[in-house]
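Asker: just the structure for this:
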Amino acid sequence: MPPPDKSLPRIPLMSPITTHALRCLLAAVLLPASLLAQADEVKVMASAALKEAYLELVPVFEKRSGHKVVTIWDGGVNIVKRMRAGEVVDLVILARPAVETLISEGKVASAGRVDLATSGVGVAVRAGAPRPDISSGEALKRTLLAAKSIAYSSGPSGAHIAALITRMGIADQVKSKVLQTTPGNPVGLFVARGEAEIGFQQVSELLPIVGIDFLGPLPADIQEITVFSGGLHANAGAPAATGALLDFLTSSEAAAVLRKKGMAPVSR
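Answerer: The predicted structure is shown next:
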């Protein structure tokens, strides 16, 4: 046998521990890369009507899908302004008429609207305060005339109450005691602090507020049901992941959470 060639470097055999360490290193490098290829960040801008249900549902979606959801909360009026000013997200969640407006202006994809849930307008007073009669339109009219202060939102529920007051013919009598909250400020907080004797907002937005007594929804003869929709932005950076989120928010699992939080899922 010829003597070993001393000019070639000797390569030591790996021990089982070294081999295992290398495999772990390769897994650490390659596995996240494969996950990142499948996972996206979904940017959402949403009004507060679905907030309580959304906050329960989105972590489930993130865990199952691997996608990350980043959410900006703002009032519906402000969201429309921000979209018009050129701000881009993947998904907006708003009252359906606002989403349709954004579609007409080219901000939301023409086929990108998905109806998520409906909500009626609710009524609340400060916790422990006398509970006024809201059993009918006429009863509510008397309650509004007797109230020292009235609060409603700048969103769809507030627009309905303002129009209702006008139809009742009492706009002049109650004008001085009306507080209309600014976008993103829950009516229930003003009621809880005693800044308004009675307040009106979407049921789903009143229920989580501490310090108020929820009297119930408006009676059927004067109720207004609002549909809340998701809209895929025309320039969405993660359309597939956004579509997956919308699918989850309209699933039977999501429907149960929506009902629990004071909303009704949209039947399909």
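Asker: where do the strands sit along the stretch 101-250 of the chain?
Answerer: If DSSP state E, counting those that start in this stretch is used as the criterion, the strands of the stretch 101-250 of the chain fall at 108-119, 121-126, 150-152, 178-180, 198-202, 212-217, 226-233.
Asker: including mean pLDDT, could those go into a markdown table?
Answerer: Shown next, in a markdown table, are the strands of the stretch 101-250 of the chain (pLDDT from 0 to 100):
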| stretch | mean pLDDT |
| --- | --- |
| strand 108-119 | 96 |
| strand 121-126 | 98 |
| strand 150-152 | 98 |
| strand 178-180 | 97 |
| strand 198-202 | 97 |
| strand 212-217 | 98 |
| strand 226-233 | 97 |
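Asker: just those: most buried one?
Answerer: Neighbour counts (mean count of other Cβ atoms under 10 Å) averaged over each of these peak at strand 198-202, with a mean of 28. To be clear about C-beta, it is placed using only N, CA and C from the backbone, and glycine gets the same treatment.
Asker: how close does the closest residue in space to residue 237 that isn't next to it in sequence sit to residue 261?
Answerer: Distance criterion Cβ to Cβ, 6 or more residues apart in numbering; nearest residue to residue 237, sequence neighbours excluded, is residue 90 at 6.2 Å. As judged by Cβ to Cβ, to the nearest Å, residue 90 and residue 261 stand 23 Å apart.
Asker: ok, residue 123 next?
Answerer: Taken as Cβ to Cβ, the span from residue 123 to residue 261 is 18 Å.
Asker: next one: residue 247
Answerer: In terms of Cβ to Cβ, residue 247 sits 19 Å off from residue 261.
Asker: what about residue 253, how many neighbours?
Answerer: By the criterion of other Cβ atoms under 10 Å, residue 253 has 12 neighbours.
Asker: for it, what are its contacts?
Answerer: 57, 60 (Cβ atoms under 8 Å, 6 or more residues apart in numbering).
Asker: so it belongs to a helix, correct?
Answerer: Yes: looking at residue 253 with DSSP: H, G, I helix; E, B strand; the rest coil, it is inside a helix.
Asker: helices of this protein, residue ranges please.
Answerer: 16-38, 51-65, 76-84, 96-104, 137-146, 156-168, 171-174, 187-192, 203-206, 239-249, 252-260 (DSSP state H).
Asker: for residue 170, give me its contacts.
Answerer: Each residue near residue 170 by Cβ under 8 Å, 6+ apart is listed here: 141, 144-145.
Asker: can you tell me how far it is from residue 120?
Answerer: Distance from residue 170 to residue 120, by Cβ to Cβ: 22 Å.
Asker: equivalent analysis for residue 246, please.
Answerer: 23 Å.
Asker: over to residue 249?
Answerer: Distance from residue 249 to residue 120, by Cβ to Cβ: 20 Å.
Asker: with neighbour numbers in mind, choose between those two.
Answerer: Shown here are residue 249 and residue 120; by other Cβ under 10 Å, residue 249 has more neighbours (25 against 20).
Asker: per-residue pLDDT of that one, please?
Answerer: pLDDT recorded at residue 249 is 97.
Asker: since that was my last question, I'll sign off now.
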